[in-house]
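Asks: Got a sequence here, can you build the structure:
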Amino acid sequence: MNKLALREYDYIKGSAVSVPERKSGSHKVDKKYKEIQRHKNRNVLLKNKRKNDRKYIVTMAVVIFTLGCMTISGDSNLYNMQKKISDLTTQINQTQEDNESLKVKLLKFSSLKNIKENAGSKLSMFIPNKEETVKIDFSQNYFENLEPKATANITKENSLFSKLVNLIK
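Replies: Numbering: from 1, shown residues only. Model (predicted):
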């Protein structure tokens, strides 16, 4: 092996007066190569760091966006419920007012004076006098010979039904 090629300075044996010359070719190439490697590594590290930073920022943005959407949807649900409650209370109040007005009308129309006026004017009804009344005695049964219509229909149905049953047997 050549030990001089590995050294930084070229010495000639025994002379300390001579000015040593540095080897410029091999070290500059090594330094440049190391700098390039450092820059490449640095660039790669910076690129990786930027990628990681972007990923972190994107994930944070997505998390914040989803939380915001959840909050907005919860608020909209709450708003809809409050609106339904207010609508129901207005309906309840309106129904109570209608109920009160109907009660007033019912009291108005159920008064005896109003009933008497409507019966006389619209239906031409009046209270009969003693001369106009007719008395009927219901103690006797005037309808003994008449059969009720319901029983006549039942017997006919029974006879038809019984005939059909007899035909099947």
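Asks: Just want the most central residue of the protein.
Replies: Taking CA atoms, centre = their mean, the centroid of the chain lies closest to residue 77, which sits 6.9 Å from it.
Asks: now the helices for the protein?
Replies: 3-6, 25-109, 112-121, 149-168 (DSSP state H).
Asks: Quick one: closest of those helices to residue 133.
Replies: Smallest distance to residue 133 across these (CB to CB): 17.2 Å, for helix 112-121. Every C-beta, even on glycine, is put in place using the N, C-alpha and C of the backbone.
Asks: Contacts for the closest one next, please.
Replies: Helix 112-121 is contacted from outside by 108, 109, 125, 126, using CB atoms under 8 Å, 6 or more residues apart in numbering.
Asks: try 7 Å
Replies: 108, 125, 126 (CB atoms under 7 Å, 6 or more residues apart in numbering).
Asks: Tell me the one of those nearest residue 95?
Replies: residue 108 (20.2 Å).
Asks: who's in contact with the closest one?
Replies: Listed by CB under 7 Å, 6+ apart, the contact set of residue 108 reads residue 114.
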